[in-house]
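Trainee: Here's my sequence, what's the structure:
(chains A and B)
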Amino acid sequence: MPKSLTDSTETFSQLVSEALLGEKFPIAKIISKIETENNLGFRESLFKEIQSQKPNVKEGLTIGITGTPGAGKSSLLGELCRLFLSFAPDKKMAIVAIDPSSNVSGGSILGDRTRVTLPRRDTRIYFRSQPSQLELGGLNPYTYHVLRFLRKIFDYVFIETVGIGQNEISVSLVSDISFLVMQPLGGDQVQFMKSGIMEVPEAFIINKCDEESLANSSYYMLQSTLEFIKDILPDQSLPPIFKTSVVKKKGIEDLLSYILNYPTRKDKNVETKTQLMSWIRSEYGRFGIKIWEDLESNSWNQAVRLNPLGGIQKLNYEEEETKFVSLIQKKLLP
Amino acid sequence: MSAEKKEYLLVDENGQGKPDKPWIFRTYAGHTNAKASNELYRKNLSKGQTGLSIAFDLPTQCGYSSDHEVSRPEIGKVGVPINSLEDFRILFDQIPIEEMNTSMTINGTSMWLLSLYVALAEERGVPLEKLNGTTQNDLIKEYLARGTYIYPPKDSMKIIVDMYEYCLHNIPKWNPSNICSYHLQEAGATPVQELSFALATAIAVLDAIRERNCFTAEEFEQCVGRISFFVNAGIRFVEEMCKMRAFTEMWEEITKERYGVKTAKYRVFRYGVQVNSLGLTEEQPENNAWRILIESLGVTLSRNARCRALQLPAWNEALSLPRPWDQQWSLRLQQVLAYETDLLEYPDIFEGSKVIESKVKALKEEAKLEIQKIIDMGGALVAIENGYMKSQLVKSQTERLSKINSNELVIVGKNKWTDGIKSPLMTDSDGGIFKVDPKSAEQTLGVLAEVKGRRNAEVAKKSLEELKQAAKDGKNLMPYSIACAKALVTTGEWADALREIYGEYNPPTGVDGQKLFLSDDKVSTVRGKVEAFTKARGHRPKIVVGKPGLDGHSNGAEMIAVSAKHSGFDVIYSGIRLSPEEIVQSAVEENANVIGLSILSGSHKEIAKQLFDELAHYKANIPVVIGGIIPESDFEELKKMGIREIFTPKDYDLMSIMNKIIDIISVEPVLV
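Mentor: Numbering: from 1, shown residues only, chains lettered A, B, ... in the order given. Predicted coordinates:
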């Protein structure tokens, strides 16, 4: 076991059990390790250890929050945290906030913590920053695994990304609900809204609704645009739109209770497959995707059956990743 | 006698030579507690000082009473603690306030301090019309550079307008606010930024007053006449003098054109100065004496741009608080300049100079463009809230530091001619510096406890309720604050009452997207070590830059945050006034490799102790380094507590600092 992760007096299983109890430093150490390159072996033992310690461990709800810089996402999150402490006294939440990295030095300034202030030594809210590491799509390469880990400990896991447009769609792939946060709209934004991103989020937030009439006009403008999309996708019901103001402390209770009462989770198998595909694409490019597609096609199924490793089950991420890697190796060195 | 007129002499109406009256001599002072500060003021006045400039400690400035837990490490450190009217009674004991010109450097709680002053005057039977002085009350510079703000910008502006309205009708000789560009230069502002940000601030204040529409046209003119400024004078003294002339001319134009002020005397740019502390060095500190002299010339040489009041820092301010002797030395410099030289005998000696005229013109043109930009954005308050002004200042500061680091900007004794004989001024038994006796806080806390026990609790409570209600109703808060002062309400109670209504403000840090202009060998060495670290550990080094306590001087923290990013670190920086608990919580949750603290208020020992206690709570062994104005005599104690490295103002080379930090964390045992 990765002994190096712990102090000499502490075992790996102790560290995991402390993390599962919500102790902040153990959680933090494990996240750093998940964020380390070539961490497959670590992830395998981590999730196995969690499974063996707590077979029925919880699966928290993942909430994606994305939108343009300046839409006030972090202030909104700060206010959500404040309300969460009093509204959900027996629940715990975590936030992962992603900020851009510098192109030149690779370094980053992660300033989103500023907006979230907590009571001293409180363990009900955990906040973690992540540099984007220049990845497109607004997510860091390890974000998905960090979220999987945090879901085991916290009832709600928020993920905040900064960006504009199509790039942020990927946040919706790893979250159960995703929100697009906007400022009150101007006329020219309608074009942007029609550009495709509007079809992705489960819900919308018009933040900075400090002024009633502007808030209402934005609300109706957004609603009519969404109805337009609904005409194209007739089976889809209209996504909810929240009007919030951090300054006036309005609308945030409604938003929080929507999240706290959100009924359904996405199919985690679909999520695992999506993430696996995206990993394959970045690791092996079109070559990898082709192998994957062959694997899924009938012609490959035949071959796979003959393969002692068996077919892809889309259940346990690490197992699938290992299987795929050995398949690739087989393909490369027949 | 021949009545031949001499162009080069100042004369009275009878043609007799008559030099100008000197400016007001002040020293910015206050420390320990009200009693010790009272003694200091009386001594300074007896030495020929002609005005008072009161420095308040950080809890008083930030609206906390001394018995609040965040106050404890800061009581009496950078100024005098004031908790209630009782402290003012002690502070002004045997000082005739009706004869004083009293400047109070206070912003977030300025209304409260003025209320205490009014209550004291009424108690002594001094008619309010006789009170003469200034409350600084420039919140915009607080959000940008000094960091002792409390409430959001709009509410703070409302409080300022309340004070103008009250003062004009009740204390006509009082300057309710004083636009302070001093700290902007300390935060790196160029002369153009100093001109434009200060004037945009004055415009914001006057626009807010005009909007309230509480004055007749004539009263509004008087109100414009009460606006005064507090300016910084830097080492490039010709440019600084031109800046002052530009200020004077631009204020004349703004008051005439934008506000239609017809009476000439209300359009005069009235200003006081403290010369620059930013350029004072910890290395060869005796050189600072010459810097201070040269900087004084910029604001005294030319009659058309001469300051009304001047206060000079002490030669050793980059080391610690000055001793009474150091302040006396600074006062003597002013007296030599005013009384021994012929400075005050001449009309403006630069009138007609082509160089000066064209430099002034150039500064004015650039500043006008910048002011227009801010006005187009929606004014100074908007430019604060959207982070524009802050990011401009951080940019100027990073440029300045980059230039010092690359030796493009020469600083004698710091990056050039650094070898020298050690100053004999530092060899006194006290090491040449002043330290506040940690036991002195007891006296302050004793007075506070005694006042709380003695006062009529019902009356105090009622006056606070009325203050809150008035704030909710949008009424002028001055009369309610004076009532609180008389009811012996405390500073913390007054500020909390308004916090409840207005909330507390959290401004942009300005560091996002900033770049250093450094790309030498040192940078590549550090980046190489960072890459090696990243390769060995699998992730980038992570630093939490923490600015604990009430000290809002965030330049150092901002520069470290920007340099760490420049070196390739992932940086967590969340702005000022964090508790040690919050900083440790960040470092723990983020699993940071190092915590870097920045403390300039002298509370480093107390805060380091709190920080290590908190790390122990989480069983987190994260290395800690510290930067600030830290006397060498404290080094050993800090290292014993566990501080790994100490940086002081003489460590100006950003990449050397980063180099030391990456070395420290590279040898840490691999936990992840």
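Trainee: On the C-terminal side of the host helix or strand of B:Gln193, identify the next helix or strand.
Mentor: Using DSSP states H and E, B:Gln193 falls within helix B:191-212. Sequence-wise, the next helix or strand downstream of helix B:191-212 (DSSP H and E) is helix B:217-226.
Trainee: Identify the residues contacting that following helix?
Mentor: With contact meaning C-beta atoms under 8 Å, 6 or more residues apart in numbering or on different chains, helix B:217-226 is reached by B:164, B:167-168, B:172, B:174-176, B:206, B:209-210, B:215, B:255, B:259, B:261-263, B:265-268. Using the backbone N, CA and C atoms, a C-beta is placed for each residue, glycine as well.
Trainee: make it 7 Å
Mentor: B:164, B:168, B:175-176, B:206, B:209-210, B:215, B:255, B:259, B:261-263, B:265-266 (C-beta atoms under 7 Å, 6 or more residues apart in numbering or on different chains).
Trainee: in the chain, which helix or strand is least confident?
Mentor: No chain was given, so I picked chain A. Here the helix or strand of chain A ranked lowest by mean pLDDT, DSSP states H and E is helix A:298-306, holding a mean of 51.
Trainee: I was thinking of chain B, sorry if that wasn't clear
Mentor: Sorted by mean pLDDT, DSSP H and E, the helices and strands of chain B bottom out at strand B:28-29, which shows a mean of 84.
Trainee: picking that back up, for the helix holding B:Gln193, name the packing helices and strands.
Mentor: helix B:153-170, strand B:178-180, helix B:182-186, helix B:217-226, helix B:237-257, helix B:354-377, helix B:380-385, helix B:388-405 (3 or more C-beta pairs under 7 Å, 6 or more residues apart in numbering or on different chains; DSSP states H and E).
Trainee: After the least confident helix or strand of chain B, which helix or strand is next?
Mentor: Next element after strand B:28-29 (DSSP H and E): helix B:34-46.
Trainee: Now the helices and strands packed on helix B:191-212 in JSON lines, please, with extra columns for mean pLDDT, distance to B:Tyr573 and mean neighbour count.
Mentor: Listed next are these as JSON lines, based on pLDDT from 0 to 100; distance: least, C-beta to C-beta, whole Å; neighbours: other C-beta atoms under 10 Å in any protein chain shown:
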{"stretch": "helix B:153-170", "mean pLDDT": "95", "distance to B:Tyr573": "22", "mean neighbour count": "20"}
{"stretch": "strand B:178-180", "mean pLDDT": "93", "distance to B:Tyr573": "25", "mean neighbour count": "26"}
{"stretch": "helix B:182-186", "mean pLDDT": "90", "distance to B:Tyr573": "19", "mean neighbour count": "26"}
{"stretch": "helix B:217-226", "mean pLDDT": "94", "distance to B:Tyr573": "39", "mean neighbour count": "17"}
{"stretch": "helix B:237-257", "mean pLDDT": "97", "distance to B:Tyr573": "31", "mean neighbour count": "20"}
{"stretch": "helix B:354-377", "mean pLDDT": "96", "distance to B:Tyr573": "25", "mean neighbour count": "16"}
{"stretch": "helix B:380-385", "mean pLDDT": "91", "distance to B:Tyr573": "19", "mean neighbour count": "23"}
{"stretch": "helix B:388-405", "mean pLDDT": "88", "distance to B:Tyr573": "11", "mean neighbour count": "21"}
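Trainee: Including distance to A:Lys91, could the ones you listed go into CSV?
Mentor: What follows is the helices and strands packed on helix B:191-212, written out as CSV (distance: least, C-beta to C-beta, whole Å):
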stretch, distance to A:Lys91
helix B:153-170, 34
strand B:178-180, 47
helix B:182-186, 44
helix B:217-226, 54
helix B:237-257, 56
helix B:354-377, 42
helix B:380-385, 33
helix B:388-405, 36
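Trainee: quick one, which of the ones you listed is nearest to B:Asp430?
Mentor: Closest of the helices and strands packed on helix B:191-212 to B:Asp430 is helix B:182-186, at 26.8 Å (criterion: C-beta to C-beta).
Trainee: Wait, B:Asp93 touches B:Asn38, no?
Mentor: Yes: here B:Asp93 reaches B:Asn38: they are 5.3 Å apart, a contact under C-beta atoms under 7 Å.
Trainee: the more surrounded of those two?
Mentor: Remark: of B:Asp93 and B:Asn38, B:Asn38 carries more neighbours, 20 against 13, as counted by other C-beta atoms under 10 Å in any protein chain shown.
Trainee: my read: that one touches B:Asp87, true?
Mentor: No: B:Asn38 is beyond contact range of B:Asp87, at 9.9 Å (criterion: C-beta under 7 Å).
Trainee: Now residue 329: which helix or strand?
Mentor: With no chain named, the answer covers chain A. If you go by DSSP H and E, A:Gln329 is part of helix A:317-332.
Trainee: Not quite, go with chain B.
Mentor: helix B:324-335.
Trainee: And B:Ile595, by the same measure?
Mentor: strand B:594-599.
Trainee: mind listing what that strand pairs with, with the direction of each?
Mentor: strand B:542-546 (parallel), strand B:624-628 (parallel) (DSSP bridges).
Trainee: Need the contact partners of the first one.
Mentor: This means strand B:542-546. B:557, B:560-561, B:564, B:569-573, B:578, B:583, B:586-587, B:590, B:592-597.
Trainee: circling back to that earlier point, okay, among the contacts of helix B:217-226, which ones form the most distant pair?
Mentor: So, these by C-beta to C-beta: farthest apart are B:Pro176 and B:Lys262, at 22.0 Å.
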